[in-house]
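>>> Fold the following.
(chains A and B)
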Amino acid sequence: DTGVSQDPRHKITKRGQNVTFRCDPISEHNRLYWYRQTLGQGPEFLTYFQNEAQLEKSRLLSDRFSAERPKGSFSTLEIQRTEQGDSAMYLCASSETTGGRRETQYFGPGTRLLVL
Amino acid sequence: GIQVEQSPPDLILQEGANSTLRCNFSDSVNNLQWFHQNPWGQLINLFYIPSGTKQNGRLSATTVATERYSLLYISSSQTTDSGVYFCAVELAAGNKLTFGGGTRVLVKP
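Residues are numbered from 1 along each chain as shown, chains lettered A, B, ... in the order given. Purely as a prediction, here's the structure:
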């Protein structure tokens, strides 16, 4: 068990540019979640996948945001035409469902995005 | 949506002191987790505790689901306990964690 990994750990970009983040969940975890955390706040849910299916999206996820998990393993989160308000920590988590029961979510180290 | 409130928002402790952090939530939940966020932003799992009491070293947690609150106890605090403590809940029919605003803890030597 190597834990949830995220790449890159830090990203600085200029307003209007596109950025893509990657998340590798704990192996064999079938659920993968994306959250966003702004300074001084708790994380907020963005979207989640069960295997390759995206099952829920928050209203926070505007049309500039897209997430994929093409083979049910790693996931990518892309932000198009970044805005300064997108500056935040983007957190990925994974969990395993056992017989319909959802288990503990484990979080990665996050990707810290700064939009200039 | 469900409301999650944590108190106190800030806590300053002298090393060796004990403390209690509280988490209130507004609806029935399927899951409750406590996390410690270190200065680098990593969320570290402390407890998965939808009900009952658990202990892990100097930390323990109790959730009273029928009264919609959970408590995190820190005993004999150490400077390494500093950071932000979050509770997060998952609704009975939901699939995501809803976080409280956190309790910022500073343990002074």
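>>> what number of residues lie near residue B:68?
Counted with other CB atoms under 10 Å in any protein chain shown, the neighbours of residue B:68 add up to 18. Where you see a C-beta, it was placed from the backbone N, CA and C, and this is true even at glycine.
>>> what's near enough to touch it?
Counting by CB atoms under 8 Å, 6 or more residues apart in numbering or on different chains, residue B:68 makes contact with B:24-29.
>>> Going by distance to residue A:42, which of those wins?
Comparing the contacts of residue B:68 against residue A:42 with CB to CB places residue B:25 closest, at 12.8 Å.
>>> Report how many residues lie close to the closest one.
For residue B:25, using other CB under 10 Å, the count is 23.
>>> Among the contacts of residue B:68, the buried ones, what's the ChimeraX command?
Of the contacts of residue B:68, the buried ones can be selected in ChimeraX as follows, counting by 16 or more other CB atoms under 10 Å in any protein chain shown:
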select /B:25,29
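>>> Which two of the contacts of residue B:68 have the greatest separation?
B:24 and B:28 (13.3 Å).
>>> Is residue B:66 in a helix, a strand, or coil?
Look at residue B:66: counting by DSSP: H, G, I helix; E, B strand; the rest coil, its state is helix.
>>> Pull the number of nearby residues for it.
8.
>>> One more: residue B:8?
Count around residue B:8 with other CB under 10 Å applied: 13.
>>> do the same with the one 10 residues further on
Residue B:18 sits with 11 neighbouring residues when counted by other CB under 10 Å.
>>> tell me the contacts of it?
Residue B:18 touches B:73-77, counting by CB under 8 Å, 6+ apart.
>>> Roughly how far does the residue nearest the centre of chain A sit from residue A:4?
The centre of chain A sits closest to residue A:34, judged by CA atoms, centre = their mean, with a distance of 3.0 Å. When distance is defined by CB to CB, to the nearest Å, residue A:34 is 11 Å away from residue A:4.
>>> Count the residues that sit near the residue of chain A found nearest chain B.
Sorted by distance to chain B under CB to the nearest CB, the residues of chain A start with residue A:42, at 3.2 Å. Counted with other CB under 10 Å, the neighbours of residue A:42 add up to 21.
>>> Kind regards, and thank you for your time.
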